[in-house]
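Enquirer: model this:
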Amino acid sequence: MEKFTYIFGCVIITFLSLGSCSSDGSSDTETSEDGDYLITESLFNSNSLLSFDIVRATLEDGTSSTCFQLTFSSNPVENGPYCPETIQDIGGLGIYDGDTNPGFQVLKAELFNAMEADGYDIVDDEGNINIDDFNSGPTDSDLSYCLDAAPDNDIELTFLIPATPKLASSNNDIDTIELVGLSLDGVPINGAPPSVTNPGREVAGNIPSLDPCGGHHDPSGYYHWHFIPESMNQVLDANGITEVTCTLIDQVSDTKLVGFAKDGFPIYAYAVEPDDLDDCGGRTAVTTEFPDGTYHYVASNTDAPNVPKCLKGVAANSSFTYQ
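Expert: Numbering: from 1, shown residues only. This next block holds a predicted model:
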């Protein structure tokens, strides 16, 4: 497999200050060792992992827990395609929620014509697409844009993950752009990208652009996923998309550990999606990494996005930061 040298180099999981996370107010950390935890250092990409430690932290339910602080280096590079320059071009992917031709689709003429039909002025008189790369200054609030955030370099991303998953009293339904977890390369995995038609929006509707593997750069510059990319081509097939394909990430051929949710449970991609998944897309089963069996989330091979719709466990406060 060609590791995502291309992609974000990786993401950083760095230790949060124990001044805010420690149960006793101390700033001591413990050096972690591969023990009986689900998460172990050896599972992550050593080319991007900078540090791997244990701290005491406060969870979202107010309890204190042992947590991993992981640090990855992030050096995102251009990939794409993202926004097409003209209405005649083929770009990346988008999820449109307007009235005309909604759904997961390629960024091309049919999508932009649908947005124009719904009152979004996203194509100029010459057929050029309005593109916002977040580097050109304020946009015209009367226009709509295809969002094509430019990457930044040397960003450190920090994740704080419970060492022993703790079941919550109710499911955490994943909101738009909410952090779901991280890949084994340290790349954030988020929920659905922002809506085009959010009520109360102060500017005309804008559509975020995703590359053919389901990721893009945040306006702050770091790369992140809105899909589990190892199952992306199955999702494209299920949604009738043939113009683009995910070529930068090896697609799953059997069962593959791809990351961990922010509650500490693993995330897997399956070539054949199991039929015993629960309401969050999870199941308990034996895997290569966990021969005694463990609960884990399974990426959908049909849904867009295909990340877990909800999480069963309790996440840590400030589970993701960057600098």
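
Enquirer: How about the secondary structure of Gly205?
Expert: When the structure is reduced to helix, strand and coil (DSSP: H, G, I helix; E, B strand; the rest coil), Gly205 reads as coil.

Enquirer: Can you report how many residues lie near the residue nearest to it when sequence neighbours are not counted?
Expert: Spatial nearest neighbour of Gly205, excluding adjacent residues (CB to CB, 6 or more residues apart in numbering): Val196 at 4.1 Å. Any C-beta I mention is one placed from the backbone N, CA and C, and that applies to glycine too. By the criterion of other CB atoms under 10 Å, Val196 has 23 neighbours.

Enquirer: looking at this, Val196 is in a helix?
Expert: No - in this structure, Val196 is coil, not part of a helix, as judged by three-state DSSP.

Enquirer: distance of it from Ser220?
Expert: Distance, Val196 to Ser220, using CB to CB, to the nearest Å: 21 Å.

Enquirer: What of Gln88?
Expert: Note on Gln88: its distance to Ser220, by CB to CB, is 32 Å.

Enquirer: neighbour-wise, which of those two wins?
Expert: Per other CB under 10 Å, whichever of Gln88 and Ser220 has more neighbours is Ser220, with 14 against 9.

Enquirer: any idea how far Pro162 is from the more buried one?
Expert: For Ser220, the distance to Pro162 under the criterion CB to CB works out to 25 Å.

Enquirer: Would you map the strands across the stretch 151-300 of the chain?
Expert: Using DSSP state E, counting those that start in this stretch, the strands assigned to the stretch 151-300 of the chain run over residues 155-162, 167-173, 179-183, 188-190, 207-208, 215-217, 223-225, 255-261, 266-270, 282-285, 294-298.

Enquirer: of these, which approaches Thr100 most closely?
Expert: strand 207-208 (13.0 Å; CB to CB).

Enquirer: got a list of what the most centrally placed residue in the chain touches?
Expert: Central residue of the chain (CA atoms, centre = their mean): Ile189, 2.2 Å from the mean position. Applying CB atoms under 8 Å, 6 or more residues apart in numbering, one finds that Ile189 lies in contact with 179-183, 224-226, 228, 259, 267, 307.

Enquirer: Next: Thr255.
Expert: Each residue near Thr255 by CB under 8 Å, 6+ apart is listed here: 268-271, 287-288.

Enquirer: could those residues be laid out in CSV, adding pLDDT, distance to Leu93 and neighbour count?
Expert: Written out in CSV, the entries for these read as follows (pLDDT from 0 to 100; distance: CB to CB, whole Å; neighbours: other CB atoms under 10 Å):
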residue, pLDDT, distance to Leu93, neighbour count
Tyr268, 99, 23, 25
Ala269, 98, 18, 25
Tyr270, 98, 22, 20
Ala271, 98, 22, 14
Thr287, 98, 29, 15
Thr288, 97, 31, 10
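
Enquirer: before we move on, could you check phi and psi at the nearest residue to Tyr145 once chain neighbours are set aside?
Expert: The shortest distance from Tyr145 to any residue other than its chain neighbours is 4.0 Å, reached at Asp132 (CB to CB, 6+ apart). Asp132 adopts backbone torsions of phi -120, psi 120, taken as degrees, to the nearest 10.

Enquirer: Quick one, which of the strands of the stretch 151-300 of the chain gets closest to Ala149.
Expert: For the strands of the stretch 151-300 of the chain, distance to Ala149 was read as CB to CB. The smallest value, 4.2 Å, belongs to strand 215-217.

Enquirer: ok, residues contacting the closest one?
Expert: Contacting residues not belonging to strand 215-217 are listed as 7, 76, 82, 92, 149-152, 187, 193, 208-210, 223-227, 229 [CB under 8 Å, 6+ apart].

Enquirer: The residue nearest to Gly205 touches Tyr96, doesn't it?
Expert: Yes - because the distance of 5.9 Å satisfies CB atoms under 8 Å, Val196 is recorded as touching Tyr96.
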